[in-house]
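Enquirer: quick one: sequence and predicted model below, then my questions.
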Amino acid sequence: MARVFNFSAGPAVLPEAVLQQAKEEMLDWQGSGMSVMEMSHRGKEFMSIAAQAEADLRELMAIPANYKVLFLQGGASSQFAMVPMNLLRGKTGADYINTGAWSKKAIAEAKRYCKVNVAATTEASKFSTTPAQSELQLDADAAYVHYTPNETIGGVEFPYIPETGDVPLVADMSSTILSRPIDVSKFGVIYAGSQKNIGPAGLAVVIVREDLVGQTIAGTPTMFDYSAHVENGSMYNTPPTYTWYLAGLAFAHLKSKGGLAAMAEINQRKAAKLYAAIDSSDFYANPVTTESRSWMNVPFTLVNAELDAVFLKEAAERGLMTLKGHRSVGGMRASIYNAMPEAGVDALVELMVDFETRYG
């Protein structure tokens with residue numbers, strides 16, 4: 001069977017070249033006689049894989065030398081707790097910006113450990129926009145400021161990096177990491193689940209500034225202490241080795257394609273095509289304000305919701321899969337991460353035009 005265009009929000013599409021290389025190396029990685037998933041995480045073979053993956057990620061993102069890169073288990077959701085455990089550093093409160101479902105999850109978890117000041121929320125608009133810098137009610141004594149640059153469910157994305165002064169900025173970049181260049185030095189911590197723009201599920205990448213490591217709250221489990229992972233090269237316990245390996249293949253693939261500047265051009269073009277198809281029609285709609293629209297996750301509705309099932313059926317028949325919107329939003333959602341080929345977006349737009357001609 002031919003491969004489909006998979007618009008899943010996560011686990012998401014992977015580059016076909018990465019899957020092909022993993023296939024070729026499945027039984028024997030570079031003459032070792034072993035599959036990567038069989039290797040000792042402390043053996044020289046896997047240690048070389050891990051080192052190369054980190055080096056490639058550092059190069060792709062231009063990560064400064066005073067930042068540590070960790071490859072951890074628990075996904076981004078574990079970071080909802082690890083961030084306050086590691087970053088409160090004697091303070092009692094932190095600022096959070098609420099722009100959707102994942103922001104709310106991070107806020108709920110942080111409330112277990114500290115007083116949360118919601119510096120801004122767009123809930124009144126049904127999370128259809130992002131707050132402006134001038135709307136942020138930041139506490140100068142906050143331990144850190146947390147935000148979600150891109151909300152996968154609502155398709156809302158910050159068009160700017162919040163200015164927080166001397167207070168460390170923390171970002172859940174699960175759905176935007178590697179989609180464009182960013183200035184890592186503006187952040188105290190960047191974390192991301194792997195299953196959207198990095199690789200398969202099972203890994204969290206954490207980029208943390210050195211001075212924020214080693215001052216956990218009392219009672220922090222060792223596995224939740226950044227310093228334990230820094231001191232052990234992300235191998236305090238057995239890491240998710242195969243996911244780490246596949247992430248490394250994805251990093252190398254991105255480098256071969258011109259890096260993040262090249263990806264930004266492609267991603268912006270893909271998103272523009274899809275939004276143009278929505279905006280040029282009264283048959284489709286996107287609820288997000290133009291300046292806050294996501295490059296990665298594009299929700300859209302039909303003028304008649306009763307046609308949703310028909311649209312999804314026809315999409316599947318054309319090999320356009322996993323387009324059903326999140327249950328809390330409805331309609332459709334196209335997740336167009338790095339690995340979604342531009343041809344997939346073109347095929348979706350073609351269906352949308354054809355479908356409107358017949359049902360509009």
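Expert: Yep, that arrived.

Enquirer: Asp166 - how many residues pack around it?
Expert: 5 (other CB atoms under 10 Å). C-beta: built from backbone N, CA, C; applies to glycine.

Enquirer: from Gly93, how far off is it?
Expert: Distance, Asp166 to Gly93, by CB to CB, to the nearest Å: 15 Å.

Enquirer: got it, and Val329?
Expert: Distance from Val329 to Gly93, by CB to CB: 31 Å.

Enquirer: for Gly10, same thing?
Expert: On the measure of CB to CB, Gly10 and Gly93 end up 31 Å apart.

Enquirer: next: Ser77.
Expert: Taken as CB to CB, the span from Ser77 to Gly93 is 22 Å.

Enquirer: ok, Gly31 next?
Expert: On the measure of CB to CB, Gly31 and Gly93 end up 55 Å apart.

Enquirer: these two: which is more packed in?
Expert: Gly93 (16 against 7).

Enquirer: which residue is the nearest non-sequential neighbour of the more buried one?
Expert: The shortest distance from Gly93 to any non-neighbouring residue, by CB to CB, 6 or more residues apart in numbering, is to Lys115 (4.0 Å).

Enquirer: can you check Leu307 too?
Expert: Excluding the flanking residues, the one nearest Leu307 by CB to CB, 6+ apart is Tyr359, at 5.7 Å.

Enquirer: burial of that neighbour, as a residue count?
Expert: Neighbours around Tyr359, by other CB under 10 Å: 14.

Enquirer: so what's it up against?
Expert: 283, 304, 307, 310 (CB atoms under 8 Å, 6 or more residues apart in numbering).

Enquirer: contact partners of the stretch of helix or strand Ala250 belongs to?
Expert: Using DSSP states H and E, Ala250 sits within helix 241-256. Helix 241-256 is contacted from outside by 14-15, 17-18, 21-22, 36-37, 39, 41, 46, 49-50, 52-53, 56-57, 59-60, 71, 178, 194, 198-203, 205, 260, 263, 338-339, using CB under 8 Å, 6+ apart.

Enquirer: what subset of the residues you listed is buried?
Expert: 14-15, 18, 22, 36, 39, 41, 46, 49-50, 53, 56-57, 60, 71, 178, 194, 198-200, 202-203, 205, 260, 263, 338-339 (16 or more other CB atoms under 10 Å).
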